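Asker: this one's sequence-less:
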């Protein structure tokens with residue numbers, strides 16, 4: 001009876017030994033037994049770690065067609081269209097062809113003491129208290145003829161048409177207004193020109209009268225050291241700086257007293273700015289020019305322009321006629337032809353002042369103006385983009401755009417004719 005029991009016990013012991021040896025020496029494929037506690041198939045399937053089919057399906061979370069569709073996020077035609085952001089017509093726009101002025105452009109007076117200013121498209125005439133503008137439509141330099149429409153504001157023959165014959169003889173210029181009341185442009189063209197086959201014809205062939213001789217004029221300057229200057233501005237009012245002028249140049253006291261003639265002792269008006277200079281002893285209308293305005297240009301032709309107005313009471317101002325005969329814009333570093341500027345300050349180098357004659361205002365019939373007792377001179381900067389017009393309605397250009405010290409730079413105003421104390 002004991003042997004079978006012993007054998008049975010020996011078999012059980014061997015089975016236990018084999019079982020324990022296997023668990024201690026063999027290495028399973030996984031690091032931990034997961035069949036009961038963390039089954040791979042339920043909690044963290046080996047294929048994803050986050051079940052694709054239940055928690056975050058690829059088709060819902062980050063569909064390729066919704067997140068970054070090429071046609072919606074960066075469409076070439078909507079976000080950065082070449083035609084909108086950098087159109088070739090803006091970046092590479094060609095400069096317009098410069099206007100070539102005809103040979104009659106200039107400022108003149110005739111032997112009847114009439115004043116004439118001829119621009120590219122207008123002929124301005126004034127004298128005896130009347131002013132007329134003729135709007136030029138044709139310039140025939142081969143036959144020396146100008147055809148023009150009489151402006152609707154003219155006192156005589158408004159709205160009709162004129163023809164001017166021109167002769168240049170021995171460097172002198174003569175004209176005859178052959179037609180002044182033609183019904184149309186064509187009718188004016190067809191009016192026969194006045195006879196001028198030889199110089200003697202100029203004496204009586206303009207409708208039985210002599211041709212008018214035109215004497216060309218140019219604005220004049222005066223040196224800051226000239227003994228004709230007897231006084232300088234003593235005060236200022238209403239300094240209103242315009243745009244694009246730094247604070248260091250907003251120094252109106254520097255326009256008081258004598259002109260210095262350098263680039264720094266100035267007050268800058270800025271783009272469209274102004275200042276009114278005052279005088280303890282009034283300026284009066286005497287022989288020739290009566291006062292001069294000094295700017296600070298250090299480069300010949302680089303002039304920033306301004307209109308000049310005067311007052312005898314500090315309230316009512318009267319502006320000198322001004323004429324800009326150029327026809328082309330002036331860039332930021334561009335220059336002028338001084339012969340095309342009249343009645344504007346200034347078209348001369350630093351140390352040289354532009355002259356103004358109060359006699360030019362004597363035809364103004366206004367009790368508020370006394371040209372023998374001018375106490376205020378106002379300087380108003382001209383924005384150089386053509387937005388400001390001259391007396392004839394022509395655009396005025398000067399260097400544009402400029403920054404930092406933009407606009408007219410006033411050095412001083414010198415007095416030539418002064419009222420008696």
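Answerer: The structure has been received and is ready for your questions. Keep in mind that this is a model prediction, so the values were computed, not measured.
Asker: for the chain, what are the low-confidence residue spans?
Answerer: Across the chain, the ranges flagged by pLDDT under 70 are 1-93, 199.
Asker: 50 instead?
Answerer: 1-86, 88-91 (pLDDT under 50).
Asker: tell me the contacts of the closest residue to residue 113 other than its chain neighbours?
Answerer: Excluding the flanking residues, the one nearest residue 113 by Cβ to Cβ, 6 or more residues apart in numbering is residue 127, at 6.1 Å. Backbone N, C-alpha and C define where each C-beta goes, glycine included. Counting by Cβ atoms under 8 Å, 6 or more residues apart in numbering, residue 127 makes contact with 112, 113, 114, 115.
Asker: now the third one: how far from residue 101?
Answerer: This means residue 114. 22 Å (Cβ to Cβ, to the nearest Å).
Asker: next one: the first one
Answerer: According to Cβ to Cβ, residue 112 and residue 101 sit 26 Å apart.
Asker: okay, now the domains of this protein?
Answerer: Listed domain ranges for the chain are 34-93, 106-217, 221-415 (source: automatic domain parsing).
Asker: from those, which stretch is densest packed?
Answerer: Stretch with highest mean neighbour count among those: domain 221-415 (a mean of 19; mean count of other Cβ atoms under 10 Å).
Asker: gap between that domain and the chain center?
Answerer: A distance of 19 Å separates the centroid of the chain from that of domain 221-415, by Cα atoms, centre = their mean, to the nearest Å.
Asker: also stretch 155-168?
Answerer: 34 Å.
Asker: look at it and report the distance between its end residues.
Answerer: End-to-end distance for stretch 155-168: 29 Å, by Cα to Cα, to the nearest Å.
Asker: again with stretch 206-226
Answerer: 45 Å.
Asker: farthest pair within the contacts of residue 127?
Answerer: Distance extremes for these: the farthest pair is 112 and 115 at 10.2 Å, using Cβ to Cβ.
Asker: using the three-state scheme, assign residue 335.
Answerer: coil (DSSP: H, G, I helix; E, B strand; the rest coil).
Asker: show the contacting residues for it.
Answerer: 299, 300, 301, 302, 303.
Asker: pretty sure the fourth one sits against residue 399.
Answerer: Yes - taking contacts as Cβ atoms under 8 Å, residue 302 lies within contact range of residue 399: 6.3 Å.
Asker: tell me, what's touching these two both at once?
Answerer: Common neighbours of residue 302 and residue 399 (Cβ under 8 Å, 6+ apart) are 333, 334.
Asker: so which helix or strand takes in residue 135?
Answerer: strand 130-140 (DSSP states H and E).
Asker: what's the first helix or strand after that strand?
Answerer: strand 145-150.
Asker: now do that following strand against strand 130-140, angle only.
Answerer: Computed by axes from the mean of the first three to the mean of the last three Cα atoms, to 10 degrees, the angle separating strand 145-150 from strand 130-140 equals 140 degrees.
Asker: and the helix or strand following strand 145-150, how far out from the chain middle?
Answerer: Next in sequence after strand 145-150, counting helices and strands by DSSP H and E, comes strand 161-169. Chain-centre distance of strand 161-169: 35 Å, with Cα atoms, centre = their mean.
Asker: the very next helix or strand once past strand 161-169 - contacts with which helices or strands?
Answerer: Under the assignment DSSP H and E, the closest C-terminal helix or strand after strand 161-169 is strand 172-182. If you count contacts as 3 or more Cβ pairs under 8 Å, 6 or more residues apart in numbering; DSSP states H and E, strand 172-182 packs onto strand 161-169, helix 185-190, strand 212-217.
Asker: turn the ones you listed into CSV, including distance to residue 334.
Answerer: Below are the helices and strands packed on strand 172-182 laid out as CSV (distance: least, Cβ to Cβ, whole Å):
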stretch, distance to residue 334
strand 161-169, 30
helix 185-190, 35
strand 212-217, 24
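Asker: measure the residue lying closest to residue 154 once chain neighbours are set aside to residue 255 for me?
Answerer: Closest residue to residue 154 apart from its sequence neighbours, by Cβ to Cβ, 6+ apart: residue 132 at 4.4 Å. Separation of residue 132 from residue 255 (Cβ to Cβ): 38 Å.
Asker: swap in residue 161?
Answerer: The value you get for residue 161 to residue 255, if Cβ to Cβ is used, is 48 Å.
Asker: and if you look at residue 375?
Answerer: Taking Cβ to Cβ, one finds residue 375 at 16 Å from residue 255.
Asker: ditto for residue 138
Answerer: Here the criterion is Cβ to Cβ. By it, residue 138 lies 46 Å from residue 255.
Asker: swap in residue 271?
Answerer: Counting by Cβ to Cβ - residue 271 and residue 255 are separated by 18 Å.
Asker: quick revisit: quick check: bridge partners of the residue nearest to residue 113?
Answerer: residue 130 (DSSP bridges).
Asker: can you pull the contacts of residue 404?
Answerer: 244, 245, 246, 249.
Asker: now it: phi and psi?
Answerer: phi 80, psi -60 (degrees, to the nearest 10).
Asker: also residue 339?
Answerer: With angles defined as degrees, to the nearest 10, residue 339 sits at phi -70, psi -10.
Asker: what number of residues lie near the residue nearest to it when sequence neighbours are not counted?
Answerer: Distances taken as Cβ to Cβ, 6+ apart place residue 218 nearest to residue 339, at 5.9 Å, with adjacent residues excluded. The number of residues packed near residue 218 is 13, by other Cβ atoms under 10 Å.
Asker: ditto for residue 96
Answerer: Neighbour tally, residue 96, other Cβ under 10 Å: 8.
Asker: what about it, which helix or strand?
Answerer: Per DSSP H and E, there is no helix or strand for residue 96.
Asker: roughly how far apart are it and residue 124?
Answerer: 25 Å.
Asker: can you check residue 339 too?
Answerer: Taken as Cβ to Cβ, the span from residue 339 to residue 124 is 17 Å.
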